[in-house]
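S.K.: here you go, sequence then predicted model.
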Amino acid sequence: MLSAGAVSLLAQQAGPGRGAGPFGPGGRGGFAAGFALGQLDLSDAQKQQVRDITQRDREQMRSTVERLDQAMQAQRAAINQVPVNEQAVRATAAQVAAVQADLAVAQARVHADIWNILTPEQQTKAKELEQQAQARARERQQRAPRAPKQPV
């Protein structure tokens, strides 16, 4: 959750009119987007450390998110080709997977760096908040009406 929020934050700040940083408006989900971090009573020093962590890798994350977008566009184009070009679909799918792996590694680094600045009490509370968020997500998923599948 920490890393997903950091990536969300970085992706959101790529364009004009985005959020005001990890503790301001505009963030969506995840610790670094302000949701859970705001509930962990971070000290001013910790807040600055989170800002430093997210800013440190911001450009690399933006670049990786842009690469992912481009790879996904290429994959959609390959999927929509008629007749089917299996080799092109496989190649573009492999490219999407490679960029997703790069993004996952970057997320893991941010997550670990933010996690390491939390006190043991904050880490415990963060785990509890994550469990609560997962329970809410499962509940929403169970309540969501399932639309019947339509033939293509």
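M.R.: Good, I have the coordinates.
S.K.: could you dump the strand or helix carrying A71 to PDB, C-alpha only?
M.R.: Under DSSP states H and E, the secondary-structure element containing A71 is helix 58-79. Taking C-alpha atoms only, helix 58-79 is exported to PDB below (Å, rounded to 0.1, in the frame of the first residue of the first chain):
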ATOM      1  CA  ARG A  58      10.000  11.100  -9.000                       C
ATOM      2  CA  GLU A  59      11.500  11.500 -12.500                       C
ATOM      3  CA  GLN A  60      12.400   7.800 -12.800                       C
ATOM      4  CA  MET A  61       8.900   6.900 -11.700                       C
ATOM      5  CA  ARG A  62       7.300   9.300 -14.200                       C
ATOM      6  CA  SER A  63       9.400   7.900 -17.000                       C
ATOM      7  CA  THR A  64       8.500   4.400 -16.000                       C
ATOM      8  CA  VAL A  65       4.800   5.200 -15.900                       C
ATOM      9  CA  GLU A  66       5.000   6.800 -19.300                       C
ATOM     10  CA  ARG A  67       6.800   3.700 -20.600                       C
ATOM     11  CA  LEU A  68       4.000   1.600 -19.200                       C
ATOM     12  CA  ASP A  69       1.400   3.700 -20.900                       C
ATOM     13  CA  GLN A  70       3.200   3.500 -24.200                       C
ATOM     14  CA  ALA A  71       3.700  -0.300 -23.900                       C
ATOM     15  CA  MET A  72       0.000  -0.800 -23.100                       C
ATOM     16  CA  GLN A  73      -1.000   1.300 -26.100                       C
ATOM     17  CA  ALA A  74       1.200  -0.800 -28.300                       C
ATOM     18  CA  GLN A  75      -0.300  -4.000 -26.800                       C
ATOM     19  CA  ARG A  76      -3.800  -2.700 -27.500                       C
ATOM     20  CA  ALA A  77      -2.900  -2.000 -31.100                       C
ATOM     21  CA  ALA A  78      -1.400  -5.400 -31.500                       C
ATOM     22  CA  ILE A  79      -4.500  -7.100 -30.000                       C
END
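S.K.: following the helix or strand of the chain with the lowest mean pLDDT, which helix or strand comes up?
M.R.: The weakest-scoring helix or strand in the chain, judged by mean pLDDT, DSSP states H and E, is helix 2-12 (a mean of 45). Beyond helix 2-12 on the C-terminal side, the first helix or strand identified by DSSP H and E is helix 44-56.
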